[in-house]
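**Student:** no letters, just coordinates:
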C-alpha cells in the first residue's frame, strides 16, 4: 500500500508540474495575444491552443485534487450515518468512480487512436491534436489510480475495524 501511495504521489506531482507548465504557456500566450492586438493583429490560432492547453491543465489537475482531497463533497446525509456505513459508502463510491474513470480513459484513448489513424488536424493551425486527447486520457487514468488508492484505504480501514 505504501508503494502504491508513493507511485500515486509521484505521478500526480509530475502531472501537476506539467499542467503548471501548460498553464504558464497559456498565460504567456494570452499576454502576447493582448499585446499583439494592441500593436498589430492577434496571434492566429490562440483560441485553438488555449482550448488544447486548457484541456491538459484540467485533466492533469484531476488526480492531484483527488489525492489531496481537494474536490468538493456534499456529505450532509452521510455525516449522520454510523461509522461502518460511512466506510461502506466510501468503498462503494471510490470503487464506482475508479471504474468510471478507468473506462472513460479507455474510451478517450480509443477516440485519440481513431483521430490519429484518420490523420485529423486542427482547423486553424493545422496541427495534430490527438496527443492532447491522449493527455486527457492520462489525466483520467491517474485520477482512476488516485480513486483506487482511496478505495484500498477505505477497504483496509474497514477490515481493521472488523478485527
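**Tutor:** Cool, got the structure. The structure displayed is predicted, hence computed values, not measured ones.
**Student:** switch to C-alpha atoms for all contacts and neighbour counts from now on
**Tutor:** OK.
**Student:** and the strand or helix carrying residue 30, what does it pack against?
**Tutor:** Secondary structure from DSSP states H and E places residue 30 in helix 2-39. Contact here means 3 or more CA pairs under 8 Å, 6 or more residues apart in numbering; DSSP states H and E; on that basis helix 2-39 packs against helix 46-67, helix 130-162.
**Student:** in terms of mean pLDDT, which of those ranks lowest?
**Tutor:** Note on the helices and strands packed on helix 2-39: lowest mean pLDDT is at helix 130-162, with a mean of 87.
**Student:** that one: which residues count as buried?
**Tutor:** Of the residues in helix 130-162, 130-155, 158 count as buried by neighbour count, 16 or more other CA atoms under 10 Å.
**Student:** stretch 98-106 too?
**Tutor:** 98, 101, 102, 103, 104, 105, 106.
**Student:** ok, stretch 77-93 next?
**Tutor:** Judged by neighbour count using 16+ other CA under 10 Å, the buried positions of stretch 77-93 are 86, 87, 90, 91.
**Student:** kindly report the same for stretch 19-26.
**Tutor:** Taking 16+ other CA under 10 Å as the criterion, stretch 19-26 shows 19, 20, 22, 23, 26 as buried.
**Student:** nearest to residue 75, of these?
**Tutor:** Closest approach to residue 75 among those (CA to CA): residue 19, at 29.6 Å.
**Student:** any idea which of the buried residues of stretch 77-93 is the one closest to residue 32?
**Tutor:** Nearest to residue 32 among the buried residues of stretch 77-93, counting by CA to CA, is residue 90 at 46.1 Å.
**Student:** how far away is the closest residue in space to the closest one that isn't next to it in sequence from residue 95?
**Tutor:** What sits nearest to residue 90 in space, not counting adjacent residues and going by CA to CA, 6 or more residues apart in numbering, is residue 154, at 6.6 Å. Counting by CA to CA, to the nearest Å, the gap from residue 154 to residue 95 is 10 Å.
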